[in-house]
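A.B. asks: A predicted structure for the sequence below; I have some questions about it.
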Amino acid sequence: MNKNCVKLLSLIFLIATGSAYAQKNYEFNLDVKKIGAPIQSTMYGLFFEDINFAADGGLYAELIKNRSFDFPQSLMGWYTFGKVEVKKDNSPFDRNPNYLVLSASGHTHKHTGIENEGFRGIGFKKDATYRFSVWAKKINGNEDQKIRVEFINSKNNIIGSQELTINSSDWKKYEMVIPAKDTEEKGRLRVFFTSKGSIAIDHVSLFPTDTYKGRQNGLRKDLAQALADIHPGIFRFPGGCIVEGTDLDTRYDWKKSVGAVENRPINENRWHYTFAHRFYPDYYQSYGLGFYEYFLLSEDMGAEPLPVVNCGLACQYQNEGGHCHVPVGEIDSYVQDALDLIEFANGPITSTWGKLRADMGHPESFNLKFIGVGNEQWGKEYPERLEPFIKAIRAKYPEIKIVGSSGPSADGKEFDYLWTEMKRLKADLVDEHYYKGPDWFLANAARYDNYDRKGPAVFAGEYASHDHSTGKQNNFLSALSEAAFMTGLERNADIVHMCTYAPLFAHVDGWQWNPDMIWFDNLRMMKTPNYYVQQLYAQNKGTNVVNLTWMADKKAVTGQDNLYASAVYDNTQSCYIVKVVNTSNEAKDVKITLSGAKKNMAFSVEDCIMIQNTDMKAINTLDTPFNITPQKTTAAISGNILSAKTQPQSFNVYKIKSDSTK
Ligand code: AHR
């Protein structure tokens, strides 16, 4: 053979193999005849906490901060001009007593009014409409009084305006819909008092009319839609440390979050000062997105709600010595709160709390099935408080499944102690939290392979891969390591019944904690690569686990050769779904044999999706939100063997249809 001939043959070989060297085949066996444990409908879900301005200033579509003037600094968020007084006598709302009195300035060239700065500005969209509402009354006199409501942009120009007449001497709610003539990210709301007398005003509110599902007191449409698009099976709320509070006064008290929004009292948001280096003195909870709105959103998304109640412990990090916890002997009212919450969700409309739910617009039960008691608790303080909750809930609502805590660590003495206690107390699920580096996630893909199958199930309630080398950005490395780890959740779905990434949301100008799954400003939002990983799992969760192993040694695929894999069967679509994560920086040819199939079974590739990037530091931003998104990829099937080239640093989902040919 001459030299040219050798070169030609080498070239043909290169083209055929796609590589300078013959590629090794990575061979897996998928046992199709053994349909394994059911995957719970709750397997992949969401965890919402009002951190990073996730609720007020975020998902809750209210655009006015301190709308009822009841922050401790009653005019925080407001600029006033002319004659403006804060009053509280004869307020229409006993739990939010402050209101304002605006009076004519006494000079035609001077003005009286107020201006609200929103949550780091107010977002207005050109041609969108906004529902302004205010509780008001005229004071001293019969003449109707007027205000002019204006949308102001960052250049101090008016981009929307409308007049409102206050015609009653009794407190009354007034409403009008105002269009915005321009787009502005950091706008303000100005209210001019334009008459000669005086008026009192309270609960000044502004919502886009186009909220999620068009609801008043509704949710920001793009953010709520992003949640629904995940197809979550479980929805944990309201926290997180928010449940505990810095002290018990600031815990999330669900009873304050229901009923008329105007009368839900302000709560100090503990994230306003939890991190002194990211201090937000204007961070309070209006409870406008309260338990009713939460149950409604769960229902809209088809997710099972998992409310978490305070167990009588304030944040244990912030209260060493425990002086501010409720003594065990005095826990009854906390236990009652949990029972009442179940009644609020499920109780008949003849019950006290069921009636409130019906009065709020939902006579049907929310069909609550789960409740969490306590967040990241530890020490004997926790089980001794959890016990009375379990007894009372089991006695009154035996069908409700109870989630207990394993504390803030993913392992160690405290973790082991709490797991033993959760078994003793017969909790149904145990909530585990892990905020760890990418290496931990990669090393822990087999975490649940040898877990005790006889005790409570696992709820991976808070987790995220923290790449400290890049300031904990939501980079591709973090997402890929989570995808690899999640093959282990899926493989062990007989014992892992739920998992939720944390935290969910962050305002780019108001965050305390990162990474977070979805970032937003006042107009836009961005889904992180971590979001897409969650979505790919949730949308391809299947109905049963199937056994996927290395062909050679029948071991689970948990990182050998930088490959991680799991598989499920979906009996609603007659398909197998295989997930393969390749964390190496080279493409790998994977061959998956679907073994054990009946002779009349035919397999075909239905869909192949991957999320991939060669730059582990790559991120999405609000300006480049589609830098990393799921893409189509390919695989071929011949008989019962699927062949796929997994790209370097990729998470792949292969959907294989199985049809019977006779
Ligand atoms: O997700 C942020 C915080 O992390 C949660 O509030 C808490 O449970 C955990 O420590």
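C.D. replies: Great, that's in hand.
A.B. asks: and residue 630, how many neighbours?
C.D. replies: Around residue 630 there are 17 other residues, counting by other CB atoms under 10 Å. For the C-beta atoms, the positions are set from N, CA and C on the backbone; glycine is no exception.
A.B. asks: quick one, what contacts it?
C.D. replies: With contacts defined as CB atoms under 8 Å, 6 or more residues apart in numbering, the neighbours of residue 630 are 532, 535-536, 609-611.
A.B. asks: Please identify which two of those are farthest apart in space.
C.D. replies: Between any two of the contacts of residue 630, the greatest separation by CB to CB is 13.3 Å, found for 535 and 610.
A.B. asks: thinking again about what came up before, quick one: the contacts of residue 630 as a markdown table, columns for neighbour count too.
C.D. replies: Converted to a markdown table, those look like this (neighbours: other CB atoms under 10 Å):
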| residue | neighbour count |
| --- | --- |
| 532 | 21 |
| 535 | 20 |
| 536 | 23 |
| 609 | 17 |
| 610 | 21 |
| 611 | 25 |
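A.B. asks: Quick check on the closest residue to residue 195 other than its chain neighbours: phi, psi?
C.D. replies: The shortest distance from residue 195 to any non-neighbouring residue, by CB to CB, 6 or more residues apart in numbering, is to residue 145 (4.1 Å). With angles defined as degrees, to the nearest 10, residue 145 sits at phi -110, psi 150.
A.B. asks: what about residue 145, distance to the ligand?
C.D. replies: Here residue 145 is placed at a distance of 46 Å from the ligand (CB to the nearest ligand atom, to the nearest Å).
A.B. asks: Contact partners for the residue of the chain found nearest the ligand?
C.D. replies: Residue nearest to the ligand within the chain: residue 240 (3.1 Å; CB to the nearest ligand atom). By CB under 8 Å, 6+ apart, the contact list for residue 240 reads 47, 49, 51, 308, 375, 462, 502-503.
A.B. asks: One more: residue 441?
C.D. replies: Here residue 441 is in contact with 465, 481-482, 484-485 (CB under 8 Å, 6+ apart).
A.B. asks: farthest-separated two in those residues?
C.D. replies: 465 and 484 (9.5 Å).
A.B. asks: for the ligand, what are the nearby residues on the chain?
C.D. replies: Residues of the chain lying close to the ligand by CB under 6 Å from any ligand atom are 49, 51, 239-241, 375-376, 408, 462, 502-503, 513.
A.B. asks: Out of the residues you listed, grab the one that's most surrounded.
C.D. replies: Compared across the residues of the chain next to the ligand, residue 375 has the highest neighbour count, 30 neighbours, by other CB under 10 Å.
A.B. asks: any idea which helix or strand carries that one?
C.D. replies: Using DSSP states H and E, no element contains residue 375; it sits outside every helix and strand.
A.B. asks: Also residue 204?
C.D. replies: If you go by DSSP H and E, residue 204 is part of strand 198-208.
A.B. asks: In contact with the residue nearest to residue 195, which residues?
C.D. replies: Contact partners of residue 145, counting by CB under 8 Å, 6+ apart, are 138, 165-166, 193, 195, 197-199.
A.B. asks: if we can go back for a sec, format the contacts of residue 630 as a markdown table; extra columns: secondary structure, pLDDT and distance to residue 105.
C.D. replies: Formatted as a markdown table, the contacts of residue 630 follow (DSSP: H, G, I helix; E, B strand; the rest coil; pLDDT from 0 to 100; distance: CB to CB, whole Å):
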| residue | secondary structure | pLDDT | distance to residue 105 |
| --- | --- | --- | --- |
| 532 | helix | 98 | 55 |
| 535 | helix | 98 | 55 |
| 536 | helix | 98 | 60 |
| 609 | strand | 98 | 63 |
| 610 | strand | 98 | 65 |
| 611 | strand | 98 | 60 |
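A.B. asks: Residue 363: what secondary structure?
C.D. replies: coil (DSSP: H, G, I helix; E, B strand; the rest coil).
A.B. asks: Check what pLDDT residue 514 gets.
C.D. replies: Predicted confidence (pLDDT) for residue 514: 98.
A.B. asks: I figured it was touching residue 473, is that so?
C.D. replies: Yes - applying CB atoms under 8 Å, one finds residue 514 in contact with residue 473, separated by 7.2 Å.
A.B. asks: So between those two, which is more surrounded?
C.D. replies: Neighbours per residue (other CB under 10 Å) separate residue 514 from residue 473, with residue 473 holding more: 19 against 16.
A.B. asks: Tell me who's in contact with that one.
C.D. replies: For residue 473, the contacting residues are 467, 514-515, 617, 619, by CB under 8 Å, 6+ apart.
A.B. asks: repeat for residue 180
C.D. replies: Residue 180 neighbours (CB under 8 Å, 6+ apart): 124-130, 151, 159-160.
A.B. asks: which one among those residues gets closest to residue 329?
C.D. replies: For the contacts of residue 180, with residue 329 as the reference and CB to CB as the criterion, the closest is residue 130, at 51.3 Å.
A.B. asks: Any buried residues in the host helix or strand of the closest one, and which?
C.D. replies: Here residue 130 sits within strand 129-139, counting by DSSP H and E. Going by neighbour count (16 or more other CB atoms under 10 Å), the buried part of strand 129-139 is 130-138.
A.B. asks: still on that earlier bit, filter the contacts of residue 145 to the buried ones?
C.D. replies: For those, a burial check counting by 16+ other CB under 10 Å picks out 138, 166, 193, 195, 197-199.
A.B. asks: What strand or helix carries residue 390?
C.D. replies: Element membership of residue 390, judged by DSSP H and E, is helix 381-396.
A.B. asks: Let's test this: mean pLDDT of that helix, rounded?
C.D. replies: In this model, helix 381-396 has an average pLDDT of 98.
A.B. asks: Can you give the contact residues for whichever helix or strand comes after that helix?
C.D. replies: Where DSSP H and E defines the elements, the next helix or strand beyond helix 381-396 is strand 401-405. The contact list for strand 401-405 (CB under 8 Å, 6+ apart) reads 306, 308, 369-378, 382, 386, 389-390, 393-394, 418, 421-422, 425, 427-431, 456, 459, 461.
A.B. asks: Separate out the buried members of those residues.
C.D. replies: For the contacts of strand 401-405, a burial check counting by 16+ other CB under 10 Å picks out 306, 308, 369-378, 382, 386, 389-390, 393, 418, 421-422, 425, 427-431, 456, 459, 461.
A.B. asks: Okay, the residue nearest to residue 195 and residue 42: tell me how far apart.
C.D. replies: 54 Å (CB to CB, to the nearest Å).
A.B. asks: Residue 341 now?
C.D. replies: Applying CB to CB, the value for residue 341 to residue 42 is 19 Å.
A.B. asks: who's more crowded, these two?
C.D. replies: Per other CB under 10 Å, whichever of residue 341 and residue 42 has more neighbours is residue 42, with 24 against 21.
A.B. asks: ok, and the closest non-adjacent residue to residue 160?
C.D. replies: Spatial nearest neighbour of residue 160, chain neighbours left out: residue 151 (3.5 Å); criterion: CB to CB, 6+ apart.
A.B. asks: Fine by me, thanks again.
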